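S.K.: Here is a sequence together with a model predicted from it:
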Amino acid sequence: MVGRWLAWLLAVLPLAATASGTIAIDVGHYLERPGVISAHGRPEFEFNLDLARDIDKELQARGRSTQLIGADGDMNSLARRPRQAAGAALFISVHHDSMQDKLLSTWTYEGVERKYGDRFDGFSLFVSRENPGWKKGLRCASAIGARLIKAGFKPSLYHADRNVGENRPFADKPNGVHYFDRLAVLRDAKMPALLFEAGVIINRTEELRMADPAERQQIAAAVAGAIEECMP
Ligand SMILES: [Zn+2]
């Protein structure tokens with residue numbers, strides 16, 4: 001009896017270990033409401049999807065099990081995103097940034113008048129103290145920020161700015177991590193969760209950097225390496 005039970009346990013153990021170590025990668029926004037429209041006119045959802053897929057590949061190359069959420073572009077419920085990640089060890093929501101309307105100007109690109117803002121650039125990371133795993137989420141966010149800085153990216157100080165940003169308090173200033181306690185997608189997650197704004201795509205220069213596959217690859221490698229470090 002014990003032998004059979006042991007055999008069963010050994011059979012299910014690897015599965016259980018994989019499920020509990022799964023990294024859920026959430027593709028921010030969906031086709032119908034694709035988020036920010038970049039300075040050159042490309043929807044944020046497309047940037048998010050490209051980067052989420054690269055992070056997914058980098059994690060899998062490191063032997064991690066992963067789950068992409070919202071990759072088909074029809075995930076129109078914010079609440080369903082963390083629910084779909086149930087059982088994962090970490091939830092990371094992938095986004096690209098804009099800034100407040102008052103900081104934007106207009107220009108004409110390929111015959112279409114578009115909004116842009118070149119004043120701020122850089123990445124931002126967010127955790128919610130209403131997320132039960134926020135301390136672990138913060139450790140991962142700090143590790144991601146540190147790796148990005150090492151790879152030559154810089155944190156944006158925009159969201160913390162009292163006058164032009166949203167006055168969001170820093171959780172880890174040197175590594176670009178902020179508190180955003182009411183953020184639903186993080187608050188509702190049962191596992192450690194963080195939101196990653198990879199760069200500012202309303203900024204004309206930074207948008208081009210974000211669209212460059214080599215740059216994206218570097219970001220993805222930094223994120224995957226940091227996850228390996230904070231969730232060994
Ligand atoms: Zn977004």
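M.R.: Noted; the coordinates are in hand. Numbers count the residues shown, from 1 in each chain.
S.K.: May I have the secondary structure class of the closest residue to I25 other than its chain neighbours?
M.R.: Nearest non-adjacent residue to I25, counting by C-beta to C-beta, 6 or more residues apart in numbering: A52, 4.9 Å away. Heads up, the C-betas are built off the backbone N, CA and C, glycines and all. The three-state assignment at A52 reads helix, by DSSP: H, G, I helix; E, B strand; the rest coil.
S.K.: ok, A52 - contacts?
M.R.: A52 sits next to I25, D26, V27, L68, A71, V94 when contact means C-beta atoms under 8 Å, 6 or more residues apart in numbering.
S.K.: Now flag whichever of these is closest to K150.
M.R.: Distances from K150 to the contacts of A52, taken as C-beta to C-beta, are shortest for V94 (19.9 Å).
S.K.: what about that closest one, which SS state?
M.R.: Classified using three-state DSSP, V94 is strand.
S.K.: what about the spatially closest residue to E215 that is not a sequence neighbour, which SS state?
M.R.: Closest residue to E215 in three dimensions, ignoring its sequence neighbours and counting by C-beta to C-beta, 6+ apart: R209, at 5.1 Å. Classification of R209 by three-state DSSP places it in helix.
S.K.: So R209 sits against I201, correct?
M.R.: No: counting by C-beta atoms under 8 Å, R209 does not reach I201; the two are 9.5 Å apart.
S.K.: The closest residue to the ion within the chain: how many residues sit nearby?
M.R.: Relative to the ion, the nearest point of the chain is H95 (3.5 Å; C-beta to the ion). Around H95 sit 26 other residues, with neighbours defined as other C-beta atoms under 10 Å.
S.K.: same thing with K57?
M.R.: K57: 15 neighbours (other C-beta under 10 Å).
S.K.: Pull the contacting residues for it.
M.R.: With C-beta under 8 Å, 6+ apart, K57 has these contacts: A220.
S.K.: Secondary structure element holding it?
M.R.: helix 44-61 (DSSP states H and E).
S.K.: Show me what from this structure comes close to the ion.
M.R.: G28, G35, H95 (C-beta under 5 Å from the ion).
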